[in-house]
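Participant: Provided below are the primary sequence and the corresponding predicted coordinates.
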Amino acid sequence: MHIPVMLDECLDGLAIKPDGIYVDGTLGNGGHASAILERLESGGMLVGFDRDLDAIDRVRATLKAPVGARLELVHDNYANMASRLSQLGIGQVDGLLLDLGVSSFQLDIAERGFSFQQEGPIDMRMDQTGGPSAADLVNESPEQELADIIFRYGEERSSRRIARAIVEARGKVRIETTAQLAGIVERAKGGRKGKRTHPATKTFQALRMAVNDELAGIEQVLESMVGRMEEGGRMVVLTFHSLEDRLVKQFFNRHVPREESLQQGGVRRHFEEPPAQWISKRPLTATDEEQTKNPRSRSAKLRAVEVGVDYGSNA
């Protein structure tokens, strides 16, 4: 069953106006989107994006806009959000939500290849309508490129050893399934050695992020949307590992004014336009109760800012 992560915290962060315009950049199974729609009234609007056509079809069958409100579903990468909103005739928006986790629906379908828990083809594409799959990367990338991918996106210290093992294995037979790949990685790392986390976890994460160009997409959507927020609009982002969280934190920090004392007296304020203010200076995490009910929420961090108001020297 799909459970939206940190639902109450996301809604609080968005501070939804009943007649506002909101964007859910990662529809998934529609849990967050449904809760946003429940808070909209006549004149309100929700635009939902997802790269996964299956997600769009599922959500279209279940989500219903309130009377007088508008619902638009867009099958596209959220990196293209600004241009797609322009095509819909939408300018400024009141809130943006990004849940950067892989949906439980994707993980549970073996044919999607996101998880080694079930054997399936090594696909991992969020959008299966085109582009190279993880199997293409695994079987065709040079050894050094594979090592770089696994180290950069998985922060895997054994990246060189794993890449070498993959190249040696594919020289004998093409690597086609998640079970094959997980076994190669596990052997390269010397087995589990009593650890709870599977040795292939970081490698699978790295390949998924590379196939979907996830970090570039996050940066692109934030860059293109920060200037499209209404004054006082909210940007709320849920991350699930350190690379994403670091990128989001650094981006928001560039827009939060900071003060520098001048030698001749006075202060100078530094920030990128438009200015922003942290909703909470520290990232929020799921409650103990939620983590018990939904283990997926254990690694979640929520960061949120209010955009477009110059908060002066108190920022």
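Facilitator: That came through, no problem.
Participant: how's the protein carved up into domains?
Facilitator: 7-104+214-314, 128-211 (automatic domain parsing).
Participant: Please identify which of the ones you listed is closest to Phe116.
Facilitator: domain 128-211 (3.8 Å; CB to CB). In this view, the C-beta of every residue, glycine as well, is placed from N, C-alpha and C.
Participant: now that closest one: how far from the chain's centre is it?
Facilitator: In terms of CA atoms, centre = their mean, to the nearest Å, the centre of domain 128-211 is found 21 Å from the chain centre.
Participant: And whichever helix or strand Leu73 is part of, what's buried?
Facilitator: In this structure, Leu73 sits in strand 70-75 according to DSSP states H and E. Judged by neighbour count using 16 or more other CB atoms under 10 Å, the buried positions of strand 70-75 are Arg70, Leu71, Leu73, Val74, His75.
Participant: Poorly predicted segments of the stretch 101-250 of the chain, please.
Facilitator: Scanning the stretch 101-250 of the chain with the threshold set as pLDDT under 70 gives 103-111, 113, 193-195.
Participant: can you do 50?
Facilitator: The model of the stretch 101-250 of the chain has no residue with pLDDT under 50.
Participant: At which residues are the helices of it located?
Facilitator: Under the criterion DSSP state H, counting those that start in this stretch, the stretch 101-250 of the chain carries helices at the ranges 104-108, 134-140, 143-154, 159-170, 178-188, 201-211, 214-225, 242-255.
Participant: in the fourth one, what's buried?
Facilitator: Yep, that's helix 159-170 we're talking about. Buried, per 16+ other CB under 10 Å, within helix 159-170: Ser159, Arg160, Arg161, Ile162, Ala163, Ala165, Ile166, Val167, Ala169, Arg170.
Participant: Return the closest of those residues with respect to Met225.
Facilitator: For the buried residues of helix 159-170, the nearest to Met225 is Ser159 (32.8 Å; CB to CB).
Participant: Please consider this matter closed, and thank you.
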